[in-house]
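Asks: Here is a sequence with its predicted model. Questions after.
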Amino acid sequence: MTGERQAGERHDPGTDGATTAAAWVGRSVRRAGDAAILRGEGHYVADAIAEQNCLHAVFVRSPVAAGVLRAVDVAAGVWALTAADLAGVAGICPTMDRPDYVPVTMPVLAGDAVRFVGEPVAMVLAASPAAALDAAEQVRLDIDRGQPVLSVADAIRAGASQVHDVAFPGDVNTVVDGKLTTPGFAEVFESAPATVTVSCRCARQSALPIETRGSLAVYERATGRVTLTTSTQVPHVTRTGICAALGIPADLLRVVAPDVGGAFGQKMCLAREDIALVYAARLLRRAVAWVETREENLKASWHSREQQYTLTGAFDPDGRLLALRADIGTAHPEVREAVQLPELQAELARWQRDFRPTVEVTGWGDAAAARRLILDCQAAWVAGRGTTGGRGDSC
Amino acid sequence: MKPAPFDYLRAASVAEAVAALAEFGDGGKVLAGGQSLLPMMNFRLARPDALVDIGGLGELRGVRADGDFLEIGALTRHVDLERSAIGGPVGTLLRSAGAQIGHLPIRVRGTFGGSLAHADPASEWCLLAVLLDATMTVTGPARTRIIAAADFFTTVFTTALEPDELLTAARLPSLDRTWRVAVAEFARRAGDFAIVAVMVACSVRDGVITDARVSLGGVADRPVRSGAAESLLVERPTEDAVFRAAADAAADAVTPSSDIHGSAEYRRELVSVLVRRALERMAS
């Protein structure tokens, strides 16, 4: 938006002669869309909803972390969609075909079991958000509470209850079991003069965008086409995923990402609520909207992190890292960095538990951060002693 | 609207408000600034049948001197006290405590009386009322009665107010110039209720404490005075060793419970740190 540029503006690498890539580092960069947003003229999902004559959705969510869903009792006069209504709709299933990975299918609405507090069980529609909230209170869930699996220790102990129907044989809750060892690892690791072990863990996190999630599905009667305006970072994935779930061709769904009031990774994943919304819009041939409340965002939106690492670095006498052994357990694997190390051995496991599903969220807590931590520890050793430690040190 | 359906009455007088409360009984709730009540209603955690809005009762807003007392009307906004020009140690307490309540929009709308009647165990105004032995002026359908702060707060979010009674004002003693005061509190995020809050007021003559009041919030089901700390301060000099002993005694005497914001052990540690910090601030 060059028209917005102010006279006297200093940092413009295009005019001050500094044209190398490094000239951008440390500089503030003017973004095209910011002026409208700062003036309060941004256009968010809720603005699109306000301009539309639509039905409003409220999701009835599980109040418990684990249980068998016996029945969903909907009062007379309340319009609700449940898993039974979605019999022909496929769940969300990742399509990664790897031997060290067991794909887990997530239903659009919980069917015979609930697996986390906040899991959507029914979608209620009414003429206004308030009426939908009132109607949602007329939906009663009959749930036999189960014993939730709340920690990694719970998930992997003998006799643990199984969270999902699938896992590696003989191990009810492990769905990722990755092992990687570079050819020269053992020799380098065993002969290194010093090793340092770091064990660390980080908690679950929520991204907490200022704008919660929200979507508007508008059905066009003439063509049967739905336009889904949704606060998302991944409109293409959203379209592909919804079309796959509903079994409709891609030309029947258009996904629009308007201004997004913060996402940080929480909106980087196909939301099951969006599938229900598009399904309802097609079923009723009407526009259907949903804006997540803050309480829902805290309770039922995507989490991230909850990882534990045990890293052992093998160092030469000058403190150079020669090899790294990483044992990573997580609710959400984030080994996304190209690890540039001479030798590496890594084991990665992901365990299923009765918590909200996770996505990758910006911030501290990934494998790279843990690796930096071990370098910091080693640097502290060198600084403190003037030399590397011995074998078997830990910090 | 996010709340469950409710009836609404905007009262034109204290008498009308009280009559309405009597009519609605347990299902009625007073709406003042609404800064705690409305969020709880929006979450549908609070589901009153009816709200009696006292927002139009201008006579309940403001502070006036009454002999040796300061009378603060129930509808006085937090920001009125934060920015008041009231002199003396009580003025200092009102300004420094008021500034720590929530965020500015909350302080502009939220009221002194609403905070007292809500009775959050970590609320600044509840802590102040207990510190200074304030008295509450309460009007019911039949009579007006006075309740001492020590009897007013009964447990978490619960007071001695009957469902048909309206808190109209609180009276604080106006401390003379020998009193020194300070507030210290800790919260993990700006604007949160404190995990632990401490207020101190000491009458100091020639470097010696002649009277001491220490109140603690966030350590019990209501704000409490620390007799242990107070007794170790009286007739002692304003010195660091005295402050340390009082702070440790205050921490030893409390039995806080653990919750999501902090363990009992952590709260006890905070009591020790914050009592000492408040006393140092008071003495400086």
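Replies: Structure received.
Asks: and the closest residue to chain A within the stretch 51-200 of chain B, which of the three is it?
Replies: Chain A sits closest to B:Arg189 of the stretch 51-200 of chain B, with a gap of 12.0 Å, by C-beta to the nearest C-beta. Quick note: C-beta positions are derived from backbone N, CA and C, even for glycine. Three-state assignment for B:Arg189 (DSSP: H, G, I helix; E, B strand; the rest coil): coil.
Asks: Got the phi and psi for it?
Replies: phi -130, psi 140 (degrees, to the nearest 10).
Asks: any chance you could map the helices in chain A?
Replies: Using DSSP state H, the helices of chain A run over A:34-38, A:45-50, A:129-136, A:152-156, A:185-191, A:235-246, A:272-284, A:294-300, A:367-385.
Asks: for A:Ser215, what are its contacts?
Replies: Shown in contact with A:Ser215 (C-beta atoms under 8 Å, 6 or more residues apart in numbering or on different chains): A:Val45, A:Leu228, A:Thr229, A:Thr230, A:Ser231, A:Ala271, A:Glu273, A:Asp274, A:Leu277, A:Ala289, A:Trp290.
Asks: Now the residues you listed in TSV, please, with extra columns for distance to B:Ile209 and neighbour count.
Replies: TSV is the format used below for the contacts of A:Ser215 (distance: C-beta to C-beta, whole Å; neighbours: other C-beta atoms under 10 Å in any protein chain shown):
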residue	distance to B:Ile209	neighbour count
A:Val45	60	28
A:Leu228	69	25
A:Thr229	66	24
A:Thr230	64	28
A:Ser231	59	26
A:Ala271	61	26
A:Glu273	61	23
A:Asp274	65	24
A:Leu277	66	29
A:Ala289	63	25
A:Trp290	61	29
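Asks: Let me know the closest of those residues to chain B.
Replies: Scanning the contacts of A:Ser215 for proximity to chain B, where the rule is C-beta to the nearest C-beta, the winner is A:Trp290, at 14.6 Å.
Asks: Same list (the contacts of A:Ser215) but as TSV, adding distance to A:Glu137.
Replies: Shown next, in TSV, are these (distance: C-beta to C-beta, whole Å):
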residue	distance to A:Glu137
A:Val45	25
A:Leu228	27
A:Thr229	28
A:Thr230	26
A:Ser231	26
A:Ala271	23
A:Glu273	19
A:Asp274	24
A:Leu277	21
A:Ala289	19
A:Trp290	17
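Asks: in the stretch 151-284 of chain B, what spans have low per-residue confidence?
Replies: Counting by pLDDT under 70, the stretch 151-284 of chain B shows no low-confidence range.
Asks: Mind checking what secondary structure B:Asp176 has?
Replies: coil.
Asks: what's the offset of the helix or strand hosting B:Ala197 from the middle of its chain?
Replies: Taking DSSP states H and E as the criterion, B:Ala197 maps to strand B:196-205. Offset of strand B:196-205 from its chain centre (C-alpha atoms, centre = their mean, to the nearest Å): 15 Å.
Asks: now the helix or strand just after that strand: how far from the chain's centre is it?
Replies: Going down the chain from strand B:196-205, the next helix or strand is strand B:208-217, by DSSP H and E. On the basis of C-alpha atoms, centre = their mean, strand B:208-217 sits 17 Å off its chain's mean C-alpha point.
Asks: Next, the angle strand B:196-205 makes with strand B:208-217.
Replies: Interaxial angle of strand B:208-217 relative to strand B:196-205 (axes from the mean of the first three to the mean of the last three C-alpha atoms, to 10 degrees): 160 degrees.
Asks: List the buried residues for strand B:208-217?
Replies: B:Ile209, B:Asp211, B:Ala212, B:Arg213, B:Val214, B:Ser215, B:Leu216, B:Gly217 (16 or more other C-beta atoms under 10 Å in any protein chain shown).
Asks: that older thread, including mean pLDDT and distance to B:Asp66, could the helices of chain A go into JSON lines?
Replies: Shown next, in JSON lines, are these (pLDDT from 0 to 100; distance: least, C-beta to C-beta, whole Å):
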{"stretch": "helix A:34-38", "mean pLDDT": "90", "distance to B:Asp66": "50"}
{"stretch": "helix A:45-50", "mean pLDDT": "97", "distance to B:Asp66": "50"}
{"stretch": "helix A:129-136", "mean pLDDT": "94", "distance to B:Asp66": "46"}
{"stretch": "helix A:152-156", "mean pLDDT": "79", "distance to B:Asp66": "62"}
{"stretch": "helix A:185-191", "mean pLDDT": "88", "distance to B:Asp66": "80"}
{"stretch": "helix A:235-246", "mean pLDDT": "96", "distance to B:Asp66": "65"}
{"stretch": "helix A:272-284", "mean pLDDT": "97", "distance to B:Asp66": "58"}
{"stretch": "helix A:294-300", "mean pLDDT": "89", "distance to B:Asp66": "43"}
{"stretch": "helix A:367-385", "mean pLDDT": "66", "distance to B:Asp66": "61"}
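Asks: Just the closest residue of the stretch 151-300 of chain A to chain B, please.
Replies: For the stretch 151-300 of chain A, C-beta to the nearest C-beta, closest residue to chain B: A:Glu295, 5.9 Å.
Asks: May I ask you to confirm that that residue is in contact with B:Phe43?
Replies: Yes: between A:Glu295 and B:Phe43 there is a contact under C-beta atoms under 8 Å: 5.9 Å.
Asks: of those two, who's got more company?
Replies: A:Glu295 (16 against 13; other C-beta atoms under 10 Å in any protein chain shown).
Asks: quick one: contacts for A:Leu216?
Replies: A:Leu216 makes contact with A:Val45, A:Ala48, A:Ile49, A:Gln52, A:Cys54, A:Leu228, A:Thr229, A:Thr230, A:Ala287, A:Val288, A:Ala289, A:Trp290 under the criterion C-beta under 8 Å, 6+ apart.
Asks: Setting aside sequence neighbours, what's the nearest residue to the first one?
Replies: Among residues not flanking A:Val45 along the chain, A:Gly214 sits closest, at 4.2 Å (C-beta to C-beta, 6 or more residues apart in numbering or on different chains).
Asks: what number of residues lie near that neighbour?
Replies: The number of residues near A:Gly214, taken as other C-beta under 10 Å, comes to 26.
Asks: Quick one: name the residues of the stretch 1-150 of chain B near chain A.
Replies: With C-beta under 8 Å from any C-beta of the partner chain as the criterion, the stretch 1-150 of chain B meets chain A at residues B:Met1, B:Lys2, B:Ala4, B:Pro5, B:Phe43, B:Arg44.
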